[in-house]
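**Student:** model the structure of this input:
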Amino acid sequence: QVQLVESGGGLVQTGGSLRLSCAASGGTLNGYTLGWFRQGPGSERELVAAALWSGGYKSYTDSVKGRFTISRDNAGNTVLLQMNSLKPEDTAVYYCAAAFPGAGYAKSTAYVYWGQGTQVTVSL
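**Tutor:** Just a heads-up that it's a prediction; the model follows:
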């Protein structure tokens with residue numbers, strides 16, 4: 001069974017950058033759809049970015065387009081989320097997740113493996 005562990009969260013000022021990393025153990029991430037979700041205080045968990053295995057297709061929620069980039073390493077063990085030009089509204093717990101191919105990517109219910117989350121706080 002694949003286990004996911006996020007790292008890289010922290011406190012950053014508005015306009016700053018963070019790079020989140022999600023490391024897999026117990027298996028490879030090759031073949032999986034990978035997603036980054038976030039959940040802010042009092043908010044539902046939302047999809048931030050997703051990367052499909054086939055064709056290199058990537059999807060971003062509108063609020064992060066042009067600022068965030070999802071990528072995976074060639075070894076298939078790590079998925080990254082580069083976050084630039086951070087805003088206070090990006091403050092949330094960020095989770096990485098993996099879904100089987102063909103299960104879709106937009107809904108959290110499609111994902112079978114989840115990390116424990118890492119806190120990102122953007123100050124004014």
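
**Student:** so for the protein, the centremost residue is which one?
**Tutor:** Central residue of the chain (Cα atoms, centre = their mean): residue 36, 2.0 Å from the mean position.

**Student:** do a quick rundown of the helices in the protein.
**Tutor:** Using DSSP state H, no helices are assigned anywhere in the chain.

**Student:** buried residues in stretch 27-35?
**Tutor:** 29, 32, 33, 34, 35 (16 or more other Cβ atoms under 10 Å). Any C-beta I mention is one placed from the backbone N, CA and C, and that applies to glycine too.

**Student:** between its first and last residues, what's the separation in that stretch?
**Tutor:** 17 Å (Cα to Cα, to the nearest Å).

**Student:** how distant is that stretch from the center of its chain?
**Tutor:** Relative to the centre of its chain, stretch 27-35 is centred 12 Å away, using Cα atoms, centre = their mean, to the nearest Å.

**Student:** try stretch 8-28
**Tutor:** Centroid separation for stretch 8-28 versus its chain: 8 Å, with Cα atoms, centre = their mean.

**Student:** cool, and stretch 73-87?
**Tutor:** Worked out by Cα atoms, centre = their mean, stretch 73-87 lies 7 Å from the chain centre.
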